[in-house]
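**Q** Sequence first, predicted model second:
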Amino acid sequence: MEKAAVELLICPHCGGELRENGGSLICSRGHTMNIARQGYVSLLGRDSGTHTADSAEMVAARQRFLAAGHFQPLVDALAEAARGVEPEIEGAVVDLGCGTGQYLAAVLDRLPSRIGIGVDNSKFAARRTARSHQRASAIVADIWDEIPVRDDAAALMLNVFSPRNGEEMDRILAPGGRLVVVTPQPGHLAELIERFGMISVDPDKEERLERSLGPLAEGMESRELRWRMELEPDSVRDLVEMGPSAGRMDKDDMDQQIQGLGSETAVTAAVTVTTTSSEETA
Ligand SMILES: C[S@@+](CC[C@H](N)C(=O)[O-])C[C@H]1O[C@@H](n2cnc3c(N)ncnc32)[C@H](O)[C@@H]1O
Ligand SMILES: [Zn+2]
């Protein structure tokens, strides 16, 4: 694991500094966390939860779907947002709920002097993220717990379709640092919702976003990003299986619905991209 990344992490048991020691991270009190063979480290604390973590199948479906380029407009929007980071603000790119790390990798490509830390409570996601970019490191941690990342560690924070813990986000974002949050709009994937029994987007999401960001909501700017995808049946299946509705549909029903699709299905993607900065003076 990159030394610069280890320096930004803290012990999930005592909050102390960590250093690498023979394939593990260790704090001064002797708490030891193994670095997995695949390059990520689990920093789950006593009160951390993993029941909301994406399964291996969900992460694999997400990897295939994103690799096919169907969310390219969003990748471009995130990469563009990365350019808004002030070069003099020190810190890493921290992606909370990083999934496969594909967005983190795209952003790191645009920011050649920064390292990235992906945080996800799914070890399958962390595994992919650790391999997503040479400058990316990944930790397994729960966003709803104290996140084992130092105060002011992030010059840029990403949070894409993932849980938001405003207090912790504010603590980790460096003064003057930038936050980019992506949330689905009510029309997101509308063509698939009924057919596949997917969970539809809460229409109050915008208000919830503001509430969840706490002090970071001040000065936030949102814009809508909408594009149309033409999806082959396998991509439709990946899209359903990578999301929060995965596993809700019986496998036979799913197969039947997929078989009923034409060679291409038009699907709308509609998301909100919100950017905000933390106060310069902490
Ligand atoms: C909908 S996916 C989005 C992943 C990625 N940002 C993307 O857009 O491709 C949500 C991610 O958040 C992770 N997640 C869910 N609850 C979490 C929690 N409490 N702490 C950390 N990660 C969490 C899941 O494992 C999953 O990878
Ligand atoms: Zn410790």
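**A** Right, received. Where do you want to start? Keep in mind the model is a prediction, meaning the values are calculated, not measured. Ligands and ions are numbered 1, 2, ... in the order given.
**Q** Which positions in the stretch 1-150 of the chain make contact with ligand 2?
**A** Within the stretch 1-150 of the chain, the positions adjacent to ligand 2 are Cys11, His13, Cys14, Gly16, Cys27, Arg29, His31 by Cβ under 5 Å from the ion. For every residue, glycine as well, the C-beta is placed using N, CA and C.
**Q** How many residues are close by Gly69?
**A** Other residues lying near Gly69 total 10 when counted by other Cβ atoms under 10 Å.
**Q** Quick check: the gap between it and ligand 1.
**A** Distance of Gly69 to ligand 1, computed by Cβ to the nearest ligand atom, to the nearest Å: 13 Å.
**Q** Wasn't that residue part of a strand?
**A** No. According to DSSP: H, G, I helix; E, B strand; the rest coil, Gly69 belongs to no strand; its state is coil.
**Q** Touching, Ser42 and Ala125? I think so.
**A** No. Using Cβ atoms under 8 Å, Ser42 is not in contact with Ala125; the gap is 12.0 Å.
**Q** Tell me which of these two has more neighbours.
**A** Ala125 (28 against 19).
**Q** just checking, what packs against the strand or helix carrying that one?
**A** For Ala125, the element it lies in under DSSP states H and E is helix 123-130. Helices and strands touching helix 123-130, as assessed by 3 or more Cβ pairs under 8 Å, 6 or more residues apart in numbering; DSSP states H and E, comprise helix 56-67, strand 116-120, strand 136-140.
**Q** for the stretch 1-150 of the chain, what spans make up the helices?
**A** Ranges of helices in the stretch 1-150 of the chain, per DSSP state H, counting those that start in this stretch, are 3-6, 56-67, 72-82, 102-110, 123-130.
**Q** and among those helices, the most buried is which?
**A** helix 123-130 (a mean of 26; mean count of other Cβ atoms under 10 Å).
**Q** Touching that helix from outside, list them.
**A** Contact with helix 123-130 is made by 36, 38-40, 42, 53-56, 58-60, 63, 95, 98-101, 104, 118, 120, 136-140, as judged by Cβ atoms under 8 Å, 6 or more residues apart in numbering.
**Q** State the mean pLDDT of it.
**A** For helix 123-130, the mean pLDDT works out to 98.
**Q** Could you export that helix as PDB, CA atoms only?
**A** Written as PDB, here are the backbone C-alpha positions of helix 123-130 (Å, rounded to 0.1, in the frame of the first residue of the first chain):
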ATOM      1  CA  LYS A 123     -14.400  -6.200   0.300                       C
ATOM      2  CA  PHE A 124     -15.300  -7.100  -3.300                       C
ATOM      3  CA  ALA A 125     -15.500  -3.400  -4.100                       C
ATOM      4  CA  ALA A 126     -12.300  -2.600  -2.200                       C
ATOM      5  CA  ARG A 127     -10.500  -5.400  -4.100                       C
ATOM      6  CA  ARG A 128     -11.400  -3.900  -7.500                       C
ATOM      7  CA  THR A 129     -10.600  -0.400  -6.400                       C
ATOM      8  CA  ALA A 130      -7.100  -1.400  -5.200                       C
END
